[in-house]
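1. fold the following and give me the result.
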Amino acid sequence: MLDLIVTAVQREAPTILAFNLARADGGPLPGFAAGAHLEITLGDGLVRHYSLCATPESAPTRYRIAVLLVADSRGGSQAMHRLQVGDRLQVSEPRNLFTLVPSARRTQLLAGGIGITPILAMAEQLYQQGARFSLRYLVRDRDHAAFIPWLKARPYADQVRVHFDQHDPALRPNFQHLLGPAAPDDHLYVCGPAGFMAAVVDAAQAQGWQPGQIHREYFAADPAAQGEQRPFEVELARSGRRVQVPAERSVVEVLADLGVVLPVSCGQGLCGTCLTPVLAGEPEHRDLFLSAAEHAANDRFTPCCSRAKGERLVLDL
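-> The predicted structure is shown next:
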């Protein structure tokens, strides 16, 4: 873990703050590539991950992130918005689950709302590499748009388009028309609210984009999609111990009571930190991290949110 200090706080929009984080001595930090995020430990054991939105560097002297204050926050965004210059944070080294494909012929970047954060770093990296790309940024209105002045000042500003929908679906662009058909080596990166990403992915697939060409990163799970909570049994294969998981608790919580502490970050099946091998039984996948093919394999699951379709799961623990 890195011991970092908040060196700057800037309001990018009414509900979005940007933070600069650095070492106390101003020394170099571990490098990162576009799409990387930091895991930040907050009070009461909260761990949250935030995308790096600065220009990718091999030895930066600061990290920059931006955080949306969420109305129904589980505590993370509220804690971040209380930070002030000089506050210290425990921060992981950059981790990347949303990497650019270096061999892409053409890259399309689509951001919705706060989803602009990793997309900013991608635009910077693609420009540095002389790659062919375009960036579309969809946001509610000008008052809620972050980084607009910064984007307008970039040398690739002519490759950026900003769309304001004013809460009116009729003002949103036609994603199929916007994306167009894909060549075999085209790639699409999309980040933002779940509904926005679903609409973009559906449009891309309708235009012939293949799963391997579509890359996405979620910031929050959809609680409406979680389904019924049922109790089930978990067996730990290495010790033979068995434990009941009640309807109202997660596998991670129940195992922690046994002293089996799994690494957890987002707690919503977004980041893959807690991925655990499954030896028997069929998981009820509720994550947004694994692909459809990985769900079908049923050999791993996210115990922070996923459950069992049947009465029992056997885990390689």
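2. contacts, neighbours, all on C-alpha from now
-> OK.
3. pretty sure residue 286 contacts residue 305?
-> Yes - in this structure, residue 286 is within contact of residue 305 by Cα atoms under 8 Å, at 6.2 Å.
4. so which of these two has more stuff around it?
-> residue 286 (24 against 21; other Cα atoms under 10 Å).
5. reduced to three states, what does the more buried one come out as?
-> coil (DSSP: H, G, I helix; E, B strand; the rest coil).
6. next, show the common contact partners of residue 286 and residue 305.
-> Common contact partners of residue 286 and residue 305 (Cα atoms under 8 Å, 6 or more residues apart in numbering): residue 269.
7. can you give me phi and psi for residue 19?
-> According to degrees, to the nearest 10, the main-chain angles of residue 19 amount to phi -130, psi 140.
8. tell me the confidence at the closest residue to it other than its chain neighbours?
-> Spatial nearest neighbour of residue 19, excluding adjacent residues (Cα to Cα, 6 or more residues apart in numbering): residue 9 at 4.7 Å. Listed pLDDT for residue 9 reads 97.
9. doesn't residue 9 belong to a strand?
-> Yes - assessed with three-state DSSP, residue 9 lies in a strand.
10. and for it, the neighbour number?
-> 18.
11. can you give me the helices for this structure?
-> Secondary structure of the chain (DSSP state H): helices at 76-81, 116-128, 148-152, 175-179, 194-206, 251-257, 292-297.
12. any chance of those helices in a markdown table, plus mean pLDDT and distance to residue 35?
-> Formatted as a markdown table, those follow (pLDDT from 0 to 100; distance: least, Cα to Cα, whole Å):
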| stretch | mean pLDDT | distance to residue 35 |
| --- | --- | --- |
| helix 76-81 | 91 | 20 |
| helix 116-128 | 96 | 5 |
| helix 148-152 | 94 | 17 |
| helix 175-179 | 93 | 21 |
| helix 194-206 | 91 | 16 |
| helix 251-257 | 95 | 27 |
| helix 292-297 | 88 | 21 |
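13. pick the most buried one from those helices.
-> Among the helices of the chain, helix 116-128 has the highest mean neighbour count (mean count of other Cα atoms under 10 Å), at a mean of 23.
14. put the alpha carbons of that one into PDB.
-> Only the C-alpha atoms of helix 116-128 are listed here, as PDB (Å, rounded to 0.1, in the frame of the first residue of the first chain):
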ATOM      1  CA  ILE A 116     -15.600   9.800 -18.400                       C
ATOM      2  CA  THR A 117     -12.800   9.200 -15.900                       C
ATOM      3  CA  PRO A 118     -11.100   6.200 -17.400                       C
ATOM      4  CA  ILE A 119     -12.000   7.300 -20.900                       C
ATOM      5  CA  LEU A 120      -9.900  10.500 -20.400                       C
ATOM      6  CA  ALA A 121      -6.800   8.500 -19.700                       C
ATOM      7  CA  MET A 122      -7.500   6.300 -22.800                       C
ATOM      8  CA  ALA A 123      -7.800   9.400 -25.000                       C
ATOM      9  CA  GLU A 124      -4.500  10.600 -23.700                       C
ATOM     10  CA  GLN A 125      -2.700   7.300 -24.300                       C
ATOM     11  CA  LEU A 126      -4.200   6.800 -27.700                       C
ATOM     12  CA  TYR A 127      -3.200  10.400 -28.800                       C
ATOM     13  CA  GLN A 128       0.400   9.800 -27.400                       C
END
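15. could you name the helices and strands sitting against that helix?
-> Applying 3 or more Cα pairs under 8 Å, 6 or more residues apart in numbering; DSSP states H and E, one finds that helix 116-128 contacts strand 106-112, strand 133-139, strand 186-191.
16. please identify the deepest-packed of those strands.
-> A comparison of the helices and strands packed on helix 116-128 by mean neighbour count, using mean count of other Cα under 10 Å, puts strand 186-191 on top with a mean of 24.
17. now do that one: everything it contacts.
-> 101, 104-112, 115-116, 118-119, 197, 200, 213-219.
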